[in-house]
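Participant: Quick one: sequence and predicted model below, then my questions.
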Amino acid sequence: MVLDRKKVREQFASYTRNYDPEDVKIALKIAHTYRVADNCEKIAKSLGLSEDDVEFAWLSGMIHDVGRFEQVRRYNTFNDARSVDHAELGADLLFGEEGLIRGYLEDSSLYDMMDVVIRQHNKYRIDESVTGKTLTFCNILRDADKIDILRVNVETPLEDLYSATTEKLMESEVSEEVMEQVREKIAVSRAITHTYAEHQIGHIALVFELVYPKSRELAKEQGYLYQMFDFPTETESMKKALAETRREVDEFFSSEE
């Protein structure tokens, strides 16, 4: 596979110039894209993949959130449940009538696999029909995305991230249903996260399902995970949830050593 990274970056920059760079949500997704691509490359290399496969993984990171920009323009939210599935929208823009993928990747024989990888990157569970090399690329991208979501939650003011007032964040509660999944050490289903506090716990819990050793190493090494426990709260349910989730995370990483 011949991939011109400079061309890919220029194409991405050209595409995102269609959106307001002063919008906090747009700016954070641009930064997120480059970091996810970098994470993809590191994970792929750790698996000993071929140079072509490393390039494919990196590219998947560069285009995985193409749908986010249009989602923000149309709905001013990152909440898929309240707007549109951003992965499906992105894949439609890339592989549908607009054919944006042609600006990034010339080898059309790889389009079908990349289509699946983009569509599956935000799903709670990867479709069982996905196997082999495609499954590997799905796992690489999903891990890379999860790792940088931790950074985004630390470096972006939560008021901007959640479009909420500080008061609303402080009053946010966590349900027992969410904590039951944390105790199982699995990712919390977005179907049961309704409050800002629950979204924060859900983002922390993403680490439970990092597939590759390099991914877990990066999550610890980058240092954002434990900063997420500083979520501002005045509610007892969130204080207890943060303490319990931290214990579960500590136990999870201890068992991995």
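Facilitator: That came through, no problem.
Participant: which parts of stretch 115-128 are buried?
Facilitator: In terms of neighbour count (16 or more other C-beta atoms under 10 Å), stretch 115-128 has its buried residues at 115, 116, 117, 118, 119, 120, 121, 122, 126. The way it works is simple: take the backbone N, C-alpha and C, and place the C-beta from them, glycine included.
Participant: how about the helices in the protein?
Facilitator: Secondary structure of the chain (DSSP state H): helices at 5-16, 24-46, 51-63, 66-75, 86-95, 111-120, 132-155, 158-162, 166-170, 176-183, 196-204, 213-222, 224-227, 236-256.
Participant: export the shortest one as PDB, just CAs?
Facilitator: The C-alpha trace of helix 224-227 is given here as PDB (Å, rounded to 0.1, in the frame of the first residue of the first chain):
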ATOM      1  CA  TYR A 224      -4.500  11.100  32.100                       C
ATOM      2  CA  LEU A 225      -6.500   8.200  33.600                       C
ATOM      3  CA  TYR A 226      -5.900   9.000  37.200                       C
ATOM      4  CA  GLN A 227      -6.500  12.700  36.700                       C
END
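Participant: helices or strands up against it?
Facilitator: helix 132-155 (3 or more C-beta pairs under 8 Å, 6 or more residues apart in numbering; DSSP states H and E).
Participant: what is the orientation angle of the helix it packs on with helix 24-46?
Facilitator: 130 degrees (axes from the mean of the first three to the mean of the last three C-alpha atoms, to 10 degrees).
Participant: Give the buried residues for helix 132-155.
Facilitator: 134-154.
Participant: Also stretch 166-177?
Facilitator: 169, 170, 171, 172, 173, 174, 175.
Participant: Including distance to residue 62, could those go into CSV?
Facilitator: Below are the buried residues of stretch 166-177 laid out as CSV (distance: C-beta to C-beta, whole Å):
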residue, distance to residue 62
169, 32
170, 37
171, 38
172, 34
173, 38
174, 35
175, 36
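Participant: Would you mind putting those residues into a markdown table with distance to residue 217 and pLDDT alongside?
Facilitator: Formatted as a markdown table, the buried residues of stretch 166-177 follow (distance: C-beta to C-beta, whole Å; pLDDT from 0 to 100):
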| residue | distance to residue 217 | pLDDT |
| --- | --- | --- |
| 169 | 31 | 93 |
| 170 | 34 | 95 |
| 171 | 36 | 97 |
| 172 | 31 | 96 |
| 173 | 34 | 98 |
| 174 | 28 | 98 |
| 175 | 32 | 98 |
